[in-house]
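In: what's the 3D shape of this:
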Amino acid sequence: MTKNLKFSLLLMIFITLSANGASSCVDIFTDPPTGNHDPYGLTPPDDIGPDLGSLTCSKHGQSTSCSPDDTFASGDYNFSAGSFHQGSYIDTDGTTTRLYFDNLSMTKAYINWGGDTEDLIIYVRGDLTVAGQNYINGIVYVAGKVELTGNASIDGALASGGGLTIEGNGDVDFDEEAVKNADFGGMTCETPEPATNHYRIEFSSDALSCTAKNITIKSCANSDCSALTSVDSSVDLIKGDATYSTLTFQGSTKVDLWHGEGGPTTISLGAMSPAGSYRCYVDNHLGDENIACPLYFAKAGFIVKIDNYLSNKPQEKIEISAVKKSDTSTQCVPAFGTTSTTRDVNFWSEYISPTPAAIVTGSSASVDGDNIGTSSLNPTLISLTFNSEGKAEFYLNYPDAGKIAIHTKYIAPAGEDDEGLVMEGSDNTVRYPVGLCIKPETVCTAGDDTCPKFKIAGETFNTSIQAMAWDEDSDKDICEHSTTPNYVQTDIALGHTLKQPVDGALGELGLSEYEHKAKADSLNEFAQSIGEVGVFSLTATPPNGYLGENINIPSAESQPVGRFYPQDFELYEESMIAACGTGVTAFTYMDEPTSLMMKIRARNLSGVTTRNYFKDETVDFASGSALLVAENGNAGVDFQVRLTGLTDLKWEKDDQGVQAVESDIQFTRLLDGNLDGPYASMAIGVQMSDKDGVLIDSSDMNAKTSDDCAISDSCNAKLISTQHYRHGRMVLENAYGPETDTIRMPVTAQYWDGAQWVVNTLDNCTDIASAGLPVTDVVYNPALVSPQSVTRVAGTNTVPDSDFSVGRFELLWQSLVATPNRYRGQVTAPLVVPAWLQWYWNWNSDGALSDPRASAFFGTYRGHDRVIQWREVN
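Out: Residues are numbered from 1 along each chain as shown. Presented below is the predicted three-dimensional model:
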């Protein structure tokens, strides 16, 4: 990989096949053939010409033919389907004919028989099965699955994006030269990013000849080595000109490198698998590609070992050893002799991560309570007392987060026994936050349904996260600690925990991760959302391995945030069917129940049902109530008070935020016999309300105004249905006739037309529960004499499932028992009718609604009202 291409490895490299092929693409054609190349298989160019339909070739008698013709010059030909049956087909002229098919079928067919293999490429966009006696001379690529069975054979090459199966006598005779010589005409292939972007050799430059230098080798997955590979890697570590060690590892490894003779040497990499380049990373500075790393092994210096530690927490008893190479061996011995001595040592720190350029509000590290400089140009002298073993101790504190280097340097002053001696040493240390502090825009410490409303479910709210330094071990409220402005970490997972309702739905979180950037006060702000009803807490979990070290910053959780509530209520699957008739003949009597079915669901900002919108004996997150409203002909008069029967919404947990309503709705009559109607265009809608001001979605009516509510923005209800209501009653007429005949009593369904009672000719639906005479409330004048009997039954009707036809019905009366004589007289009786057809007849002077009644008059002396004269004849 050349240097100017190194960044392109972060993306998929898109390679175009030339006339002679590109090796990384033609490599998919192998011997034996291979499949499952998707997504790194062949892709047709964008312009392969128009769809030419189907290429159909078949045998007719002793001859074969194709439609269209099967002779092709070089170039692209795009077909929806290819069908080859019983014959030899496809003649090519030049390199290369490229045939594209959505699907391909073959039966005893021979393709490009006698032609040059490189002159034909067949590309199938779907799956391909070649069975039986079939032959192809060419290069075949199948985007889907391919199966070669029976005696099917291919001379050339075969590969597939999906699975590839060769069974029976199926055979592919691979022709590598044909693949190399074929013209793929702009076909492309995506090649995967190399397993290893490059290798990195990491160390600091303070090496000593009396001890091994620790070297880290990394297999980097990207250009800045922020991610390591997971593949098996093997490299030869070269010191000077000779192989020092062969290392096998995954991701990274460490090795101790000795150079006992001291002085300069170089470190590089020889053989590398996977193949790649290497770069040096010395003292936190990146070198050029494939340039050996220089390293000087001094004969005297400091050995400093500083562990990783919490930000702002003093780290005590850090050991520093002043050593030199023994005059008699390769071992380290005390550099200042075998007696205790005090020396002034220069200390300074260096920012590594973040880099000095990226540091915000830079803080100083302190040694033994004194702030030290931040470069070799402004070091700070610290007096250290070294014991007889050449060891001293100091304590270190760094209030911020990140990786820093602590450098030490001693220059023996003039006049001392060791005048001219220069000793150096350093070590890197990572300082990390004690935790994260999550601060939502608003919190509610109660954490339950008593919390005031906060945001609509799915609506964004401000959230901030700060990385906090250590304060003291017993302090658990880290949000009161000082911050670590230079804490930087990517891929911090964001989550949420449901506080109430317990065992409810968690809902969708708007932002699932974020990158914590260096900021003043470490304040990182972003917009977050929670798509459910309830009270939640927010969580943030940094990934393990802060700055590549074995440091796991704990997950953080916020105080409760909420209460979240629905965006709206949606009405759907609504149905309200008139009690009688359909279309323009449909109507319902006032007071007559009619079935209303509808579903109402509480939704979040994205229109998703909020399943936590419920209430029970422990919590109350749902207060939504429904109210029916009505107006006739957009007159602006609300008849809401006359609509009854709507069941209350329960919002139980098992309802999952959805209310299925099935109610019998009545449009009631006026009281005390007052008349109104008819209402032929009664629009009925539903209003929704709850304690948080949540309303019905897509409201389209306002029953209290005749204005267009959409224009005035005053719509407050959703239309369910438009009904036709009539104020009705049932009327019985007196009937007369001889006691020997059946007397027919007319029964009429009437309605108030606004001026008078008229026959309701639309009524083809009313049923009479029982036309017979009731047990009580029947008056005979004169009284019945045993064994006389009078009966009443319903007349016949041609309307199915109804006693009425065009508003009319009749009762049939008979006087039975002829011996000694039939009953003659007046019989008065009510007819039990549906409650909505009762009327204020005031039979008993009680002013209440009652059933209609009338009298049947039996007697030969009485004729029909419309007969002027009648007489008996013998």
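
In: And the average pLDDT for stretch 542-553 is what?
Out: Here stretch 542-553 scores 95 as its mean pLDDT.

In: Just the CA coordinates for that stretch, please, in CSV.
Out: Taking C-alpha atoms only, stretch 542-553 is exported to CSV below (Å, rounded to 0.1, in the frame of the first residue of the first chain):
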residue,chain,number,x,y,z
PRO,A,542,-18.2,3.9,28.5
PRO,A,543,-16.6,1.1,26.6
ASN,A,544,-14.0,-1.0,28.4
GLY,A,545,-10.4,-0.2,27.8
TYR,A,546,-10.1,3.6,28.2
LEU,A,547,-7.1,4.8,26.1
GLY,A,548,-6.2,1.2,25.4
GLU,A,549,-5.5,0.4,29.0
ASN,A,550,-7.2,-2.0,31.4
ILE,A,551,-9.5,0.8,32.7
ASN,A,552,-13.2,0.4,32.9
ILE,A,553,-15.0,3.6,33.8
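
In: Tell me the buried residues in that stretch?
Out: Of the residues in stretch 542-553, those buried under the neighbour-count criterion (16 or more other Cβ atoms under 10 Å) are 542, 546-548, 551, 553. For every residue, glycine as well, the C-beta is placed using N, CA and C.

In: now do stretch 310-329
Out: Buried, per 16+ other Cβ under 10 Å, within stretch 310-329: 310-313, 315, 318, 320-325.

In: got it, and stretch 152-171?
Out: In terms of neighbour count (16+ other Cβ under 10 Å), stretch 152-171 has its buried residues at 152-162, 164, 166, 170.

In: Quick check: the two most widely separated of the residues you listed?
Out: Of all pairs drawn from these, the greatest distance, 22.6 Å, lies between 155 and 162 (Cβ to Cβ).

In: quick revisit: closest to residue 657 out of the buried residues of stretch 152-171?
Out: Within these, the smallest distance to residue 657 is 42.1 Å, found for residue 162 (Cβ to Cβ).

In: pretty sure that closest one is touching residue 145, no?
Out: Yes - using Cβ atoms under 8 Å, residue 162 makes contact with residue 145 at a distance of 3.9 Å.

In: Need the overlap of contacts for these two.
Out: Residues touching both residue 162 and residue 145 (Cβ atoms under 8 Å, 6 or more residues apart in numbering) are 35, 127.

In: Under the pLDDT cut-off, which ranges of the stretch 51-200 of the chain? List them.
Out: By pLDDT under 70, the weakly predicted segments of the stretch 51-200 of the chain are 191-193.

In: Against residue 794, how distant is residue 771?
Out: In this view, residue 771 and residue 794 are 4 Å apart by Cβ to Cβ, to the nearest Å.

In: overlap in contacts of these two?
Out: Residues touching both residue 771 and residue 794 by Cβ under 8 Å, 6+ apart: 803, 811.

In: ok, now which ones touch residue 490?
Out: Neighbouring residues of residue 490 by Cβ under 8 Å, 6+ apart: 226, 515-516, 543.

In: Which strand residues bridge residue 789?
Out: Legend: beta-bridge partners of residue 789 under DSSP bridges are residue 816.

In: thought it was touching residue 817?
Out: Yes - using Cβ under 8 Å, residue 789 is in contact with residue 817, at 5.3 Å.

In: list residues touching both of those two?
Out: Common contact partners of residue 789 and residue 817 (Cβ under 8 Å, 6+ apart): residue 823.

In: Can you get me the start-to-end distance on stretch 167-182?
Out: End-to-end distance for stretch 167-182, by Cα to Cα, to the nearest Å: 27 Å.

In: ok, now stretch 588-598?
Out: 19 Å.

In: Report the buried residues of that stretch.
Out: Residues of stretch 588-598 classed as buried by neighbour count (16+ other Cβ under 10 Å): 588-594, 596, 598.

In: and which of the buried residues of stretch 542-553 is nearest to residue 362?
Out: Ranked by distance to residue 362 (Cβ to Cβ), the buried residues of stretch 542-553 are led by residue 547 at 17.3 Å.

In: from what I can see that closest one touches residue 404, true?
Out: No - under the criterion of Cβ under 8 Å, residue 547 makes no contact with residue 404, lying 10.7 Å away.

In: care to break this structure down by domain?
Out: According to automatic domain parsing, the chain is divided into the following domains: 3-191, 198-298, 301-432, 435-565, 568-726, 728-858.

In: Pull the distance from the last one to the chain's centre.
Out: Read that as domain 728-858. Centre-to-centre, domain 728-858 and its host chain are 66 Å apart (Cα atoms, centre = their mean, to the nearest Å).

In: Rounded mean pLDDT for that domain, please.
Out: Regarding domain 728-858, the rounded mean pLDDT is 93.

In: and the longest strand for this protein?
Out: For the chain, the strand reaching the highest residue count under DSSP state E is reported as strand 91-111.

In: And the next helix or strand past it?
Out: Going down the chain from strand 91-111, the next helix or strand is strand 120-124, by DSSP states H and E.

In: Can you show me the helices along the stretch 151-300 of the chain?
Out: 176-181 (DSSP state H, counting those that start in this stretch).

In: Most neighbours out of the contacts of residue 490, which is it?
Out: residue 516 (22 neighbours; other Cβ atoms under 10 Å).

In: List the contacts of residue 308.
Out: Per Cβ under 8 Å, 6+ apart, neighbours of residue 308: 429-432, 549-551.

In: Ok, residue 765 next?
Out: Listed by Cβ under 8 Å, 6+ apart, the contact partners of residue 765 are 579-581, 801-802, 804.

In: Those residues, buried ones only, as a PyMOL selection?
Out: Listed next is the PyMOL selection for buried residues among those, using 16+ other Cβ under 10 Å:
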select buried, resi 579+580+802+804
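
In: can you give me the strands for the stretch 101-250 of the chain?
Out: Assigned by DSSP state E, counting those that start in this stretch, the stretch 101-250 of the chain shows strands spanning 120-124, 128-130, 135-142, 146-148, 153-160, 164-166, 171-174, 188-191, 198-203, 207-208, 213-220, 232-239, 242-250.

In: so how far is the third one off the chain centroid?
Out: By that I understand strand 135-142. Distance, stretch centre to chain centre, for strand 135-142: 42 Å (Cα atoms, centre = their mean).

In: what do you get for the last one?
Out: In this view, strand 242-250 has its centroid 46 Å away from the chain centroid, taken as Cα atoms, centre = their mean.

In: Strand 232-239 and that one, what's the angle between them?
Out: Relative orientation of strand 242-250 versus strand 232-239 (axes from the mean of the first three to the mean of the last three Cα atoms, to 10 degrees): 160 degrees.

In: Okay, now the sheet partners of strand 242-250, with direction.
Out: strand 232-239 (antiparallel).

In: list the buried ones in the partner strand?
Out: 233, 235, 237-239.

In: what's the closest of these to residue 270?
Out: Closest approach between the buried residues of strand 232-239 and residue 270, by Cβ to Cβ: residue 238, at 5.0 Å.

In: Ignoring the adjacent residues along the chain, who's closest to that closest one?
Out: residue 268 (4.6 Å; Cβ to Cβ, 6 or more residues apart in numbering).

In: Show the contacting residues for that neighbour.
Out: If you count contacts by Cβ under 8 Å, 6+ apart, residue 268 has them with 201, 238, 278, 290, 292-293.
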